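Asks: got a predicted model here, sequence first, then my questions.
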Amino acid sequence: MLTQKQKAVFDFVKTYLKDKEYAPSLEEIQKKFKLASVSTAHYYISKLKKAGYLEKLKNKARSISIPEREPLVKIPLLGTIAAGEPIEVIRENEFISVSKTKLPKSGEIYALRVSGNSMIDENIRDGDVVLVKQQEVAENGQRVVALIDNYEATLKKFYRERGHIRLQPANKTLEPIIIRKDRDIKIQGIVVDVITESPEATPQTLFGDYEPLKKRWTGYSIYNEDAKRRTKQNTLPTLYPKLPNQKFDIIYADPPWHYNGKLQFDKSSKSKENIDFSRKIFISSATFKYPTLKTSELMKIPVHEIARDDCLLFMWTSNPHLAQAVELGEVWGFEYKTVAFVWDKMNHNPGQYTLSNCELCLVFKRGRIPKPRGARNMQQLVRSPRKEHSEKPVEVIQAIEKMFPSQERIELFARRKTKGWSVWGLDVFNEK
C-alpha cells in the first residue's frame, strides 16, 4: 500500500517530471519533505519502484520515470465481513483503488475487509480485502457474501442442496452453516477477486487523504474472544424444553431478546490506544447472563398451543425491540392491545436519542379477557430499582395476580419458581 508520505513523494515526482521533464534529485526530495537524510529519500523512491509506480531508465541522468499503468478505479470499502461465524457487518465507509483489469466488465462492485480464517484454503486470510460483485443469485461452489436472518453477514462457498442451503467454509477444521427453509438468507454478491494484505501485494488508497488500508483494531475486536468465552450457551439438544401439556388463561413472558451481538460498551476504550486491560470494557451484555434467541427463533415456540381461547399475554420488551415484540405476539396467535406496565428502573443507560431508563410490558389478547376479573385499579407506572440483569420487578407479577386471582397462569422464560404460577424455561427446566 502507499502511505500518505509515499503518495506525497509520488505526487511530487509526478509533478516535477511534468514541469521539468526530468526527475528530482534525492537531495531535492529530502529538502522538499524535510527528511532526516538522503537515505530516507532513497527509501521512499525504492518503495515506489518496488510497488511499480516508478521505474529506472538505463544510461540516463536522474533516471526515474513513471510507467504507464492500468487505469485505476475507485471502489467503496463498505466494511468488515466475517470469514468465520456470522457477525453484523462493521461499517467503515472508506475507498480503495484497484486496477480496472481486476474488475468484471459489468455490475456494481464493492470491497469488504475480511475478518477470520474460515476461507483460508481459498487463499482468503484475516485482513485481506475481497472485491464483490453485487448480485442476488449464485451458483454452487461460488464464494458469496450471504446475509442470514436479515442482519448477520458471512463469507462462504455457496451450495444449494435438497431441502437446504449449505454455506461451506474453506477450512477443514470448521463445520458448514446449514440454512433450512425456516430461515432467511439473501445473497449480497459473489467474490470476484482477493487483494492480499501481505507486504508484497497490497491495495493502494490513492484518492484524497484516506488513511492506508489496514486492519483497524478496536475495543470490540480485541475483546471479541473474551466476549465469546463469556457468552452463555443452551446445553439442551433442542431450542427449548417442551411446553407443558396444559392450557392457560394468563401467559407472562420475558423473552431472552438477542441484540445482534451488540454490547453495552465502554466508549472511552473504543480505540486501541485507550484500551486498558485492567478495566471491564463490557458494561453488560444479555448473552453473558443467559442464552439469547433471535426473534425468528422465538417465533418457532408454539405458545398458541398452551393458550386458552380467552387468554391474555403479558410480554416484556425493551424499547428498541418494541416492533419485534408486537410481531412476536401476533405470530404466537395474539392481538396487540396496549402497554400494560411501564417500569421506571430508577437509573438509565445511554440511548441513541434520549436516556433509556424504562422498559415496557405489553399486553396482547386472544378471544376475550378471561373472567372472573379481579382488581381494575392497577397503576401502569411501576417505580422499582433495577436488580440482577434483566430481572423484572415483582410488583408486576403481583399486580397481574390481583387482576386475575383465580386464573391458570404460566411464566415463560422464568428464572425461578413463583407460588401460584406454572413456570417454563431453561433456568427452571430441572426444578420440581
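Replies: Noted; the coordinates are in hand.
Asks: can we go C-alpha only for contacts and neighbour counts from here?
Replies: Will do.
Asks: CA atoms only: put stretch 188-198 into PDB for me.
Replies: Extracted in PDB, the C-alpha atoms of stretch 188-198 (Å, rounded to 0.1, in the frame of the first residue of the first chain):
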ATOM      1  CA  GLN A 188     -25.500 -10.000  -1.400                       C
ATOM      2  CA  GLY A 189     -22.800 -10.700  -4.000                       C
ATOM      3  CA  ILE A 190     -20.100 -13.000  -5.300                       C
ATOM      4  CA  VAL A 191     -16.300 -12.700  -4.800                       C
ATOM      5  CA  VAL A 192     -14.500 -11.700  -8.000                       C
ATOM      6  CA  ASP A 193     -11.000 -11.100  -6.600                       C
ATOM      7  CA  VAL A 194      -8.900 -11.100  -3.500                       C
ATOM      8  CA  ILE A 195      -6.400  -8.400  -2.500                       C
ATOM      9  CA  THR A 196      -4.000  -9.800   0.000                       C
ATOM     10  CA  GLU A 197      -2.700  -7.800   2.900                       C
ATOM     11  CA  SER A 198       0.800  -9.200   2.600                       C
END
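Asks: find the residue closest to residue 246 in space, skipping its chain neighbours.
Replies: Among residues not flanking residue 246 along the chain, residue 306 sits closest, at 5.8 Å (C-alpha to C-alpha, 6 or more residues apart in numbering).
Asks: where in the stretch 201-350 of the chain is pLDDT low?
Replies: Where the stretch 201-350 of the chain drops to pLDDT under 70, the residues are 201-237, 259-290, 348-350.
Asks: how about the helices in it?
Replies: Remark: helices assigned in the stretch 201-350 of the chain by DSSP state H, counting those that start in this stretch are 219-222, 224-230, 295-298, 322-331.
Asks: what sits up against the biggest strand by length in the chain?
Replies: Across the chain, the longest stretch assigned as strand under DSSP state E is strand 335-349. For strand 335-349, the surrounding residues in contact (C-alpha atoms under 8 Å, 6 or more residues apart in numbering) are 314, 326, 329-330, 355-366, 379-386, 393, 396.
Asks: now the buried members of the residues you listed.
Replies: Neighbour counting over these (16 or more other C-alpha atoms under 10 Å) leaves 314, 326, 329-330, 356-366, 382, 386, 393, 396 as the buried ones.
Asks: identify those among those that sit within strands.
Replies: Those of the buried ones among the contacts of strand 335-349 lying in strands (DSSP E): 314, 356-366, 382.
Asks: where does the prediction get shaky in the stretch 1-150 of the chain?
Replies: Judged by pLDDT under 70, the stretches of the stretch 1-150 of the chain that qualify are 1-4, 55-71, 82-94, 102.
Asks: SS state for residue 10?
Replies: helix (DSSP: H, G, I helix; E, B strand; the rest coil).
Asks: can you map out the helices along the stretch 1-150 of the chain?
Replies: 4-20, 26-33, 38-50.
Asks: next, the buried residues of the longest one.
Replies: Going by neighbour count (16+ other C-alpha under 10 Å), the buried part of helix 4-20 is 4, 6, 7, 9, 10, 12, 13, 14, 17.
Asks: repeat for stretch 246-262
Replies: Those buried within stretch 246-262 under the rule 16+ other C-alpha under 10 Å are 247-259.
Asks: what does stretch 321-332 give?
Replies: Buried, per 16+ other C-alpha under 10 Å, within stretch 321-332: 321, 322, 324, 325, 326, 327, 328, 329, 330, 331, 332.
Asks: mind saving the C-alpha coords of it as PDB?
Replies: Presented in PDB, the C-alpha positions along stretch 321-332 are these (Å, rounded to 0.1, in the frame of the first residue of the first chain):
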ATOM      1  CA  HIS A 321     -37.400  -4.300  20.400                       C
ATOM      2  CA  LEU A 322     -40.900  -2.800  20.500                       C
ATOM      3  CA  ALA A 323     -41.700  -3.600  16.900                       C
ATOM      4  CA  GLN A 324     -40.300  -7.200  17.200                       C
ATOM      5  CA  ALA A 325     -42.300  -7.700  20.300                       C
ATOM      6  CA  VAL A 326     -45.600  -6.800  18.600                       C
ATOM      7  CA  GLU A 327     -44.800  -9.000  15.700                       C
ATOM      8  CA  LEU A 328     -43.800 -11.900  18.000                       C
ATOM      9  CA  GLY A 329     -47.100 -11.600  20.000                       C
ATOM     10  CA  GLU A 330     -49.100 -11.800  16.700                       C
ATOM     11  CA  VAL A 331     -47.100 -14.800  15.500                       C
ATOM     12  CA  TRP A 332     -47.900 -16.500  18.800                       C
END
